[in-house]
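>>> Here's my sequence, what's the structure:
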Amino acid sequence: QVQLAESGGGLVQAGGSLRLSCVASGRTISSYDMGWFRQAPGKEREFVAAINRSGGITKYADSVKGRFAISRDNAKNAVYLQMSGLKPEDTALYYCAADPYSSLANLDTRAYDYWGQGTQVTVSS
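Sure, this is the predicted structure:
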């Protein structure tokens, strides 16, 4: 069993930056693909970014491409999401998730077995 804990969210002005962290416990995530998803009030959870187990494959939603960067540090059992050029439409609860089976950085929420509780990101205009 893997437990995931996100941190780093907060309130930021449009154009600002935040770095989200997700630290895993209970099991090493070095063999897991990892993803970031977000959910705004009244909307479905959506894919943001994913990175495969080796870090050699990264994928991004079109809405964040060029502004967000996902990375991982397997020695620290952690994955990160560096967000810059934030927009009010980036406001959401951001979740970290782990996929034990794939190596292709899935975009689909159904591929991920383990989820954190989320960290709130609010971008003011």
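>>> how about the strands in this structure?
For the chain, the strands defined by DSSP state E cover 3-7, 10-13, 18-25, 33-39, 46-51, 58-60, 68-73, 78-83, 92-99, 114-115, 119-124.
>>> So which of those is nearest D108?
strand 46-51 (7.6 Å; C-beta to C-beta). Placement of C-beta: from N, CA and C, glycine included.
>>> got the angle between the closest one and strand 33-39?
Put simply, strand 46-51 runs at 160 degrees to strand 33-39, going by axes from the mean of the first three to the mean of the last three C-alpha atoms, to 10 degrees.
>>> ok, back up a step: can you put the strands of the chain in TSV and add distance to D108, mean neighbour count and mean pLDDT?
Formatted as TSV, the strands of the chain follow (distance: least, C-beta to C-beta, whole Å; neighbours: other C-beta atoms under 10 Å; pLDDT from 0 to 100):
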stretch	distance to D108	mean neighbour count	mean pLDDT
strand 3-7	18	17	98
strand 10-13	28	13	98
strand 18-25	19	19	98
strand 33-39	9	25	97
strand 46-51	8	22	97
strand 58-60	11	17	97
strand 68-73	16	18	98
strand 78-83	18	23	98
strand 92-99	9	24	97
strand 114-115	14	18	98
strand 119-124	22	17	98
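>>> State the distance from the residue positioned nearest the centre of the chain to S125.
Central residue of the chain (C-alpha atoms, centre = their mean): W36, 2.1 Å from the mean position. To S125, W36 is 23 Å away according to C-beta to C-beta, to the nearest Å.
>>> Over to D90?
Per C-beta to C-beta, D90 is found 11 Å from S125.
>>> So between these two, which is more surrounded?
D90 (22 against 9; other C-beta atoms under 10 Å).
>>> ok, that one touching T122?
No: contact between D90 and T122 fails when scored by C-beta atoms under 8 Å: they sit 9.1 Å apart.
>>> how about P88, what does it touch?
The neighbourhood of P88, defined by C-beta atoms under 8 Å, 6 or more residues apart in numbering, consists of A14, V123, S124, S125.
>>> and which of these is nearest to A49?
Of all those, A49 sits closest to V123, with 16.8 Å by C-beta to C-beta.
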